[in-house]
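Chemist: how does the following fold in three dimensions:
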Amino acid sequence: VQLVESGGGLVQPGGSLRLSCAASGFTSGYYAIGWFRQAPGKEREGVSCISSSHGTTYYADSVKGRFTISTDNAKNTVYLQIKSLQLEDTAVYYCARLQTYRCSSSPEYWGQGTQVTVSS
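Modeler: Prediction:
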């Protein structure tokens with residue numbers, strides 16, 4: 001199982017990014033895939049999750065309306081579209097394969113993370 005994130009970078013407040021999580025070694029559609037982030041000095045937090053087999057998505061309250069999670073099962077890739085970026089969105093963003101298709105299950109495999117820095 002391998003998860004590789006990409007798409008992070010330096011962006012000004014109000015800008016947008018699309019993060020990608022390329023999965024291999026399993027079929028992403030059979031498991032829930034979550035996006036998490038960890039800001040400096042803070043604990044890792046879950047921000048979004050998708051269970052494509054059940055057509056469900058989850059968003060943390062802090063990102064609702066600004067983050068959109070989607071999946072391309074043909075490419076075995078999960079995306080996180082982020083708009084209206086705020087300074088507090090600065091963090092390392094990780095994707096993880098959860099233990100089951102449910103977004104309530106625990107992360108089992110992690111990617112290496114991609115840095116998102118929001119700064120003027």
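Chemist: enumerate every residue touching the residue lying farthest from the centre of the chain.
Modeler: Ranked by distance from the centre of the chain (C-alpha atoms, centre = their mean), the top residue is residue 120, with 23.4 Å. For residue 120, the contact set (C-beta atoms under 8 Å, 6 or more residues apart in numbering) comprises 12, 13. From N, CA and C alone the C-beta is placed, and that goes for glycine too.
Chemist: quick one: pLDDT of it?
Modeler: According to the prediction, residue 120 has pLDDT 93.
Chemist: ok, it to residue 15 distance?
Modeler: Separation of residue 120 from residue 15 (C-beta to C-beta, to the nearest Å) stands at 10 Å.
Chemist: next: residue 23.
Modeler: To residue 15, residue 23 is 26 Å away according to C-beta to C-beta.
Chemist: contact partners for the residue nearest the centre of the chain?
Modeler: In the chain, the centroid-proximal residue (C-alpha atoms, centre = their mean) is residue 35; its distance is 2.6 Å. The contact partners of residue 35, taken as C-beta under 8 Å, 6+ apart, are 19, 21, 46-49, 67, 69, 78, 80, 93-96.
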